[in-house]
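A.B. asks: I would like the atomic coordinates for the input below:
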Amino acid sequence: MKDGNSKKLSATGGIGTISSRLTLEGPLGSEKTTFILAGRRTYADMFLPLSSDEAVKDNKLYFYDFNAKLNHTFSDRDRIFVSGYFGRDVFDNNSSRMDFGNRTLTMRWNHVYSPRLFSNMTFIHSNYNYLLGNESSDVEGFEWKADMQDLSLKADFNYYLNPNNEITFGAQSIYHNIVPGHAKGTGSSSIFNELKMPASHSLEHALYAENKQKISPRLTLRYGLRWSVFQNMGKATSYGFDQDYEVTDTMNYEKGEVYNTYQGLEPRLGITYMLNDQTSLKASYSRTRQYIHLASNSTGTTPLDVWFPSSPNVKPQISDQISAGIFRHFLNDAFDVGVEVFYKEMQNSIDFKDYADLLLNELLEGELRFGKSQAYGVEFLTRFDYGRWNGWVGYTWSKSQRKMSGIIEDDWYFSPYDHPHDCSVVVNHRTSQRVSISANWIYYTGSPVTFGGTIREQGRHSSHLFQTKCRADARLPSPGCIPDT
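C.D. replies: So this is what the prediction gives:
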């Protein structure tokens, strides 16, 4: 988020058919302290009560988000920043209620040690939570909540060794606290018993270093190494499973006790070669480790996602990705064109057995199946910024598939992220200083899905597709409707 205006107090906003927005920014007392506030909200719920349909008029349907940032300059060497984000989506009718949202708080201290060295020290608190239920006072009343919270500390340094070498290095620690589900009845005669899944606690640490080195006027290398460590902590209960995924052992751990550790190196390399002033060739390789995983019903329409950490039974997912492409500028950078191919392979990929029980299941790890996955494709992107026109046209052809132990005889099948065709067009036109027109068009192939049933055709896992998606939007915003004060 940008810094607030240090010279004067100003306000900008826009009113649309779906949502409106407002931004306030300016100095606080002096030019050394500035603020910026930005909010947005939809208002379909304000018009629903006007409906003559009783099934519609009492509904609530809206989302909002709010950003705030405060920064203060102590000297040429020291600055602090405090920012926050709050957002929520709400749907509520006579039979059900669903809302989910995010909150983040970030505090950052920027310090300049010398013309060659500076640092950013950052604290981040983030929270994602959702709720599903209804407000019935009879036997069917229930409420489901889940929560995921992270606390992070990190230190990032930039060191300019010489004109040809820019070194970045740092460290980070994250505390993960995940409450996968808490359900209870809300009515006085509700048939639902209270059930609360135990929270999981884990620590994630990392050290990294990277160098951007200019070998020659045409050749630039970017290479680095990251070392990550993940630790499971108590209070917790861990289960052992046999080859049939039946529980064979139960282990209990005290609060704060570290009972499992994973660690590994994550190298990365990037190469840029300039054929001439307008054309470049780029290639890269990177390895990453993922320690927090998602159990999601890809065919569902609710945010009932279950997040869970790596554990003695769940290894971290390891991804290796390579890419290569050619990029060119035209007409004094008014047009950019790029073509890039990529290949990604992942170890310890996770899927679920057929008819898996994912929600409020303390033995969730017994529902998991492990294997490998791969994705590959080609991306085309054209950006333009010419006169009063700007935008882009992008197209991606890709394929994503998995191979899991115990699923369709260990054969390959489409992953939920397989969208062979993905195309988007965005065009913006500024007609005046106060008015701009924008339009976008999006097309992509539907997601693979396996439909439930009593009999499954052999080898047909993820063999059907959701409907191909196509959407077009246009809007006429006013970028500045409130005069400066």
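
A.B. asks: buried stuff in the helix or strand hosting residue 284?
C.D. replies: In this assignment (DSSP states H and E), residue 284 forms part of strand 279-290. Neighbour-count burial for strand 279-290, with 16 or more other C-beta atoms under 10 Å as criterion, is recorded at 280, 282, 284, 286, 287, 288, 289, 290. Yep, even glycine has a C-beta here, placed from its N, CA and C like the rest.

A.B. asks: Now that strand: average pLDDT?
C.D. replies: Per-residue pLDDT values over strand 279-290 give a mean of 98.

A.B. asks: Please point out which parts of stretch 96-114 sit buried.
C.D. replies: Buried residues in stretch 96-114, counted by 16+ other C-beta under 10 Å: 97, 98, 99, 100, 101, 104, 106, 108, 110, 111.

A.B. asks: What sits closest to residue 34 if chain neighbours are left out?
C.D. replies: In space, and not counting its chain neighbours, residue 34 is closest to residue 4: 3.5 Å by C-beta to C-beta, 6 or more residues apart in numbering.

A.B. asks: In a strand, the one you found, correct?
C.D. replies: No: judged by DSSP: H, G, I helix; E, B strand; the rest coil, residue 4 forms no part of a strand; its state is coil.

A.B. asks: related to what we said a few turns ago, just give me the closest of the buried residues of strand 279-290 to residue 434.
C.D. replies: residue 280 (37.7 Å; C-beta to C-beta).

A.B. asks: Which residues are in contact with that closest one?
C.D. replies: By C-beta atoms under 8 Å, 6 or more residues apart in numbering, the contact set of residue 280 is 272, 273, 274, 326, 327, 328.

A.B. asks: do residue 104 as well
C.D. replies: Contact analysis of residue 104 by C-beta under 8 Å, 6+ apart lists 84, 85, 124, 125, 126, 127.

A.B. asks: before we move on, the earlier item: let me know the next secondary structure element after the strand holding residue 284.
C.D. replies: Reading on from strand 279-290 to the C-terminus, the next helix or strand found by DSSP H and E is strand 292-295.

A.B. asks: what lines up beside that next one in the sheet?
C.D. replies: strand 306-309 (antiparallel) (DSSP bridges).

A.B. asks: What lies in contact with the strand it pairs with?
C.D. replies: Residues contacting strand 306-309 (C-beta under 8 Å, 6+ apart): 146, 148, 176, 178, 180-181, 200, 202, 230, 232, 291-296, 314, 358-359, 364-365.

A.B. asks: go on, stretch 163-175?
C.D. replies: 150-161, 201-215, 224.

A.B. asks: Which ones among the residues you listed lie within strands?
C.D. replies: The members of the contacts of stretch 163-175 that map onto strands under DSSP state E are 150-161, 201-214, 224.

A.B. asks: re the thing from before, show me which of the contacts of stretch 163-175 are buried.
C.D. replies: Among the contacts of stretch 163-175, those scoring as buried are 150, 152, 154, 156-157, 159, 201-204, 206, 208, 210-212, 224 (criterion: 16+ other C-beta under 10 Å).

A.B. asks: Would you mind listing the buried residues in stretch 415-432?
C.D. replies: So, applying 16+ other C-beta under 10 Å, buried residues of stretch 415-432: 415, 416, 418, 419, 422, 423, 424, 425, 426, 427, 428.

A.B. asks: what does stretch 328-338 give?
C.D. replies: Those would be 329, 336, 337, 338, for stretch 328-338 by 16+ other C-beta under 10 Å.

A.B. asks: thinking again about what came up before, turn the buried residues of strand 279-290 into JSON lines, including distance to residue 70.
C.D. replies: Below are these laid out as JSON lines (distance: C-beta to C-beta, whole Å):
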{"residue": "280", "distance to residue 70": "39"}
{"residue": "282", "distance to residue 70": "38"}
{"residue": "284", "distance to residue 70": "37"}
{"residue": "286", "distance to residue 70": "35"}
{"residue": "287", "distance to residue 70": "38"}
{"residue": "288", "distance to residue 70": "33"}
{"residue": "289", "distance to residue 70": "35"}
{"residue": "290", "distance to residue 70": "33"}
